[in-house]
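K.L.:
here are the coordinates; sequence isn't available:
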């Protein structure tokens, strides 16, 4: 695996607390998602989308992973899609993946794949309702877009994710979230080694302590990021490394810039 700057991306879900000015107490992810969608689906979409992409580019990234709350398949108009593509071009950014939840009905799932196709995205990195697996697999084949399931609660270990993938490993794979492995006391590098070629995408994340999911800059927590990189090289991984750090109570951009600098050295 050769890591170039173009292969390191910024997950826009890092801005999850931004809609509440990082001051929502108590914080609820679903509420933040909904509030972000209401803000971005409105007439000010172009201004809002441009503002966050300017931050991403200013932080030193050339590639971005778009969170579904910032451009959602349930409401994005053709004009908003074209505006998003133009804004990305203006900031010199490419899109590597689409992150979030991909629908609870076949109609939503179909809209999700269509939006990904229009945006030139070939990996959906997140989760979907398991009753939609068969339809998702057919849409993967139709659109040539892969689904990478995150190891979030409910499928927190390699065995559970492999069971979910089943015999659909040509289009279904794993989005290895290193922070969530550590949350459950699972060594991220060991889990990635077990998953091998099933790893389609990586959310590179560090957390402060096992048993909690409090993210921090890469290298400041309990995840052995260097070991993760070594293991990715070992399994021949050639995808993207999406830096994910999403505290809800402060703006993490300085820590993400620090993470990017460290990752380049490592």
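P.N.:
The structure has been received and is ready for your questions. Every value quoted in this text rests on a predicted model; they were computed, and no experiment measured them.

K.L.:
For the residue lying closest to residue 171 once chain neighbours are set aside, which residues are in contact?
P.N.:
Among residues not flanking residue 171 along the chain, residue 140 sits closest, at 3.7 Å (C-beta to C-beta, 6 or more residues apart in numbering). Using the backbone N, CA and C atoms, a C-beta is placed for each residue, glycine as well. Residues near residue 140 by C-beta atoms under 8 Å, 6 or more residues apart in numbering: 113, 146, 147, 171, 172.

K.L.:
of all those, which comes closest to residue 243?
P.N.:
Relative to residue 243, the closest of these is residue 146; by C-beta to C-beta it sits at 20.4 Å.

K.L.:
hey, what's that closest one bridged with?
P.N.:
Counting by DSSP bridges, residue 146 is bridged to residue 123.

K.L.:
OK, contacts around residue 185?
P.N.:
210, 211.

K.L.:
Helix, strand or coil: sort out residue 200 for me.
P.N.:
Using DSSP: H, G, I helix; E, B strand; the rest coil, the structure places residue 200 in strand.

K.L.:
mind listing what the residue nearest to residue 162 when sequence neighbours are not counted touches?
P.N.:
For residue 162, ignoring the flanking residues on the chain, the nearest one in space by C-beta to C-beta, 6+ apart is residue 198 at 6.9 Å. Residue 198 makes contact with 161, 162, 165, 169, 173, 174, according to C-beta under 8 Å, 6+ apart.

K.L.:
sorry, back to before: name the helix or strand for the residue nearest to residue 171, please.
P.N.:
helix 133-143 (DSSP states H and E).

K.L.:
Phi, psi for the residue nearest in space to the middle of the chain please.
P.N.:
Geometric centre of the chain, nearest residue: residue 99, 4.2 Å, by C-alpha atoms, centre = their mean. Torsion angles at residue 99 (phi, psi; degrees, to the nearest 10) stand at phi -120, psi 140.

K.L.:
need the strands for this structure, in chain order.
P.N.:
For the chain, the strands defined by DSSP state E occupy 8-11, 63-67, 94-101, 123-127, 146-150, 172-177, 199-204, 206-207, 215-216, 241-243.

K.L.:
Just grab the bridge partners of the residue lying closest to residue 68 once chain neighbours are set aside for me.
P.N.:
In this structure, residue 68 finds its nearest non-sequential neighbour in residue 100, 3.2 Å apart by C-beta to C-beta, 6+ apart. For residue 100, the beta-bridge partners are residue 126 (DSSP bridges).
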